[in-house]
Each structure stands twice: as C-alpha cells, then as structure tokens.
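Engineer: Sequence unavailable; structure follows:
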C-alpha cells in the first residue's frame, strides 16, 4: 500500500511542477517589460554622450598638433608629455595606429577623451576632463579552447590552413618541435594533434591563436608528445616536455630556417661536373628556401663575424661557447652586428644568393672544437630536464591533458580506388564503403 501511495505522490509532484510551469508562463505573458535602450558603450564610455571622431595616425601627425586642432589647452598637452611618459609616451605614437577622439556635444566640440589603440587588445586613455588623467586598459577578451588534428598530404601548413585554422598555429607547432623534428623532411601521412586557445575581442572579433598547450606529432611512425609547463615560476619560463618529463628543447635547433628544404648535405667526397668531377668537399648543410626567408640563430651566442667575403657572400658567424660555433652563408642581408648577443630563434638575416650559389638557400656550417662537422650526425647536448621536485605535479597535470589529446580523432579523407569511392579513416587505418 505504501508503494502505491509513493507512486501517487510522485505523479502528483510531477503534475504540480508542470502546472507551476504553466502558471509561470501565463504570468510572464501578462507582464509587459519595456525594452531597455541599448547603450553604445566602447572603451568604457557611452559613445552616444559624445561627438565621436575615428581615425588613424598619419605620417607627420603628432599628439600635440592633433590635440591643439581639437581645442585642448596647451598646458594640458604639456602635462601629459612631461608627467605621463611611463604610461603614454607621446613621441612613440605610430603611423597606422587607430585612435578615437570623444568630443563635447556642443558648438565648441572640444576633445574630452583621446583613446590610442596600442594593438587589437590594449589601448591607452587620455582623459582631459577636470584634471588630466592617463591610464591603460584592455578590451574584454574571451578565450576558447580548440582541438585540431591533421594528416600531412603535401605540407604542414596546408594540413592546417586548409581546415580554416590560423596559419600562426603552423608557426607555433613548428616552434614546439623545432629541436626534435626536421620539418624539411616531413613524410606524407605524418600526423598531428594540437590543443590551443583562440582569442576573441568582445566575444566576436577573432584576435589570434595563443601558444600551444599540448600537442602530439607522429613523424615516421614515431609518436612525440609535447606539454607546455612552467619549469621556472620565478622567471616565468615555459618549456615543452614529453610524457616522461624529458625536455623537447635542445641546445641547437635542427635547422636555421623554419620550413626550408634540405638540398645538399655535408659531404667531404663531393664531386662536381663543372670542376671535372674533382673532389670538392662540401662542409656545409644547405637548406633551400625563397629569397627573404628569415634565417634564425640555432643557439644562443655572440656574433663573431657579420660581413661579406668571396664565395661565402654575406654571412654571419656565431660563437656559442668554447666548443661550438655556427655560420650562415649566402644571405641577402644581415640583421646583426659583430659583438651582438643573440638568442636561439632570433632572426639574424634573410636567405639570399650572394657569393657562389646556384639558387636561394642558406649554407649552414657547424664547428666543434674548431673543426667543421656534420650537424645532422652530431649528438648535440640536451637542455636541462624537468626538476625532480616538479615531476609529481607535472605528471598529475598532463594525465588529463594526454587523455584529451588521445581522444582527438583524425579527419577522414575520401580516396578513389578502382572507381569505387571509399572513406579512409586514418585514425585506425580501416576502409569503409
């Protein structure tokens, strides 16, 4: 009997919830809520309260002249120039940067607010009302995490961009694996998975891709995981480590150009037809790339030479320590000077055809203890591994991220085989009709 009463009570409660919902809907229909006027708010101001001028800095513009044209008193302009240099250096406004002037809504139309957009997200406000005030602010930015994957058929950039993904993701992924994968020798059917975040200003305007949070790259059948982790909180140093906490970074990059093609290897027995097939040793490693492609320092060091000489053309030589030095030949132009300290990945020049060269490329030469060697065969020193004290937290962190990576499915492609259209699922290698 108690069982039946329980059923009746449950049904009664269910009916009561539905009746309550109906009553609430009926009540809501009876209330006439007036529509609130929309406020045109940008940069923290109601623009409807001002006369608005939108423009960009043009060649020859200065902050002082712009403000004088808009009826701002010179003493206020002088106060900004002298007292707010740390917040807004009026000498550093740049041609092409957008700005907004909010003027009074009267016949005088005097500038009340000047807004300088430093970039797509950050802006500086100069408030002339009452006492002068200058401050920096940021637009509201929304971050959305994305998970993408791809299978290389032609190139890494094609596999990413063809999906409508920001090209910068290609650049970021190449940076993650710059020490472990030679991107000039990618293979068809190499695979990747990436987790990163996209930025949106005011929820709708795309503002770029953030650095990669986690990645998986399968190159020549070898899987390589990468997880971003702050290894030095004092200096905010973020490195990429694999699933065993090994640092992916090496003391030297694999190549000095991001997506160059390995066109000629180090070869002490090279014979050239032009020279009658005599032995002409090639002590460099050539990477072909279009003229103007940035050339990067493969490791930290000090520039020993930045000059032009004979068949080398324009080149840069860097001393990294007492053991290693590198040289970069045939540049279109150098970007660094002798004695300058450079960091790994810094652009030191651009690919060209100066000196003895049959096409645009960089000849990369590598010295060890004063002797030129083959960088592709050298066992180069690794970067510092993750500290043992950080490993427990690291393994806890990556456990869920790795699971998320593993669950990302590769895109499917359609292949024509024997005139029958088949769907090829690259994730498990099976074909389906």
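Structural biologist: Arrived safely, thanks for sending. Quick caveat, the model's predicted, so the values are computed rather than measured.
Engineer: residue ranges of the strands in the stretch 201-350 of the chain, please?
Structural biologist: Using DSSP state E, counting those that start in this stretch, the strands of the stretch 201-350 of the chain run over 205-209, 214-219, 222-232, 237-241, 261-264, 271-272, 278-279, 285-288, 294-296, 301-309, 313-319, 324-334, 341-342, 347-351.
Engineer: what comes up buried for the second one?
Structural biologist: Taking 16 or more other Cβ atoms under 10 Å as the basis for neighbour counts, the residues of strand 214-219 that come out buried are 214-219. Any C-beta I mention is one placed from the backbone N, CA and C, and that applies to glycine too.
Engineer: before we move on, back to that, closest to residue 159 out of the strands of the stretch 201-350 of the chain?
Structural biologist: With Cβ to Cβ as the measure, strand 214-219 is the member of the strands of the stretch 201-350 of the chain nearest residue 159 (11.5 Å).
Engineer: remind me which residues of the stretch 251-400 of the chain are low pLDDT?
Structural biologist: Along the stretch 251-400 of the chain, the parts satisfying pLDDT under 70 run over 268-281.
Engineer: now swap in the stretch 101-250 of the chain and tell me
Structural biologist: The model of the stretch 101-250 of the chain has no residue with pLDDT under 70.
Engineer: follow-up on the earlier one: export the buried residues of strand 214-219 as TSV, with columns for distance to residue 287.
Structural biologist: Converted to TSV, these look like this (distance: Cβ to Cβ, whole Å):
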residue	distance to residue 287
214	29
215	23
216	26
217	20
218	24
219	18
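Engineer: Which of those residues sits closest to residue 190?
Structural biologist: For those, the nearest to residue 190 is residue 219 (5.1 Å; Cβ to Cβ).
Engineer: sorry, back to before: residue 132 is nearest to which of the strands of the stretch 201-350 of the chain?
Structural biologist: Among the strands of the stretch 201-350 of the chain, if distance is taken as Cβ to Cβ, the winner is strand 205-209, at 30.3 Å.
Engineer: what packs against the closest one?
Structural biologist: helix 167-176, strand 191-201 (3 or more Cβ pairs under 8 Å, 6 or more residues apart in numbering; DSSP states H and E).
Engineer: That strand: partners in the sheet, and parallel or antiparallel?
Structural biologist: strand 191-201 (antiparallel) (DSSP bridges).
Engineer: List the buried residues of the partner strand.
Structural biologist: 191-196, 198-199, 201.
Engineer: Quick one: work out the angle between it and strand 222-232.
Structural biologist: 40 degrees (axes from the mean of the first three to the mean of the last three Cα atoms, to 10 degrees).
Engineer: Which one, of the helices and strands packed on strand 205-209, ends up nearest to residue 315?
Structural biologist: Nearest to residue 315, of the helices and strands packed on strand 205-209 and by Cβ to Cβ, is helix 167-176 at 24.3 Å.
Engineer: want to throw the helices and strands packed on strand 205-209 into a markdown table with distance to residue 282?
Structural biologist: Converted to a markdown table, the helices and strands packed on strand 205-209 look like this (distance: least, Cβ to Cβ, whole Å):
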| stretch | distance to residue 282 |
| --- | --- |
| helix 167-176 | 26 |
| strand 191-201 | 33 |
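Engineer: Can you say which of those is nearest to residue 123?
Structural biologist: Nearest of these (Cβ to Cβ): strand 191-201, 11.0 Å.
Engineer: quick check, distance from the closest one to the centre of its chain.
Structural biologist: Its chain's C-alpha centre and that of strand 191-201 lie 10 Å apart, by Cα atoms, centre = their mean, to the nearest Å.
Engineer: what's the answer for stretch 220-238, then?
Structural biologist: Relative to the centre of its chain, stretch 220-238 is centred 15 Å away, using Cα atoms, centre = their mean.
Engineer: now stretch 58-78
Structural biologist: For stretch 58-78, the distance to the chain centre is 36 Å (Cα atoms, centre = their mean).
Engineer: And the contacts of that stretch?
Structural biologist: With Cβ atoms under 8 Å, 6 or more residues apart in numbering as the test, stretch 58-78 has contacts from 53, 80-81, 90, 93, 95, 99, 101, 103, 108-111, 114, 128, 132.
Engineer: ok, which pair from those is furthest apart?
Structural biologist: 95 and 108 (29.1 Å).
Engineer: how about residue 48, secondary structure?
Structural biologist: Following DSSP: H, G, I helix; E, B strand; the rest coil, we place residue 48 in the helix state.
Engineer: ok, now which ones touch it?
Structural biologist: Taking Cβ under 8 Å, 6+ apart as the test, what residue 48 contacts is 39-40.
Engineer: repeat that with 6 Å
Structural biologist: Residues near residue 48 by Cβ atoms under 6 Å, 6 or more residues apart in numbering: residue 40.
Engineer: From start to finish, how long is stretch 169-183 in a straight line?
Structural biologist: 15 Å (Cα to Cα, to the nearest Å).
Engineer: Now do the strands in the stretch 1-150 of the chain.
Structural biologist: Going by DSSP E, counting those that start in this stretch, the stretch 1-150 of the chain shows strands at 41-42, 45-46, 51-56, 98-103, 111-117, 122-127, 133-138, 141-151.
Engineer: can I get those in CSV with mean neighbour count and distance to residue 209?
Structural biologist: Formatted as CSV, the strands of the stretch 1-150 of the chain follow (neighbours: other Cβ atoms under 10 Å; distance: least, Cβ to Cβ, whole Å):
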stretch, mean neighbour count, distance to residue 209
strand 41-42, 12, 25
strand 45-46, 14, 30
strand 51-56, 13, 25
strand 98-103, 20, 22
strand 111-117, 21, 21
strand 122-127, 19, 18
strand 133-138, 14, 18
strand 141-151, 15, 8
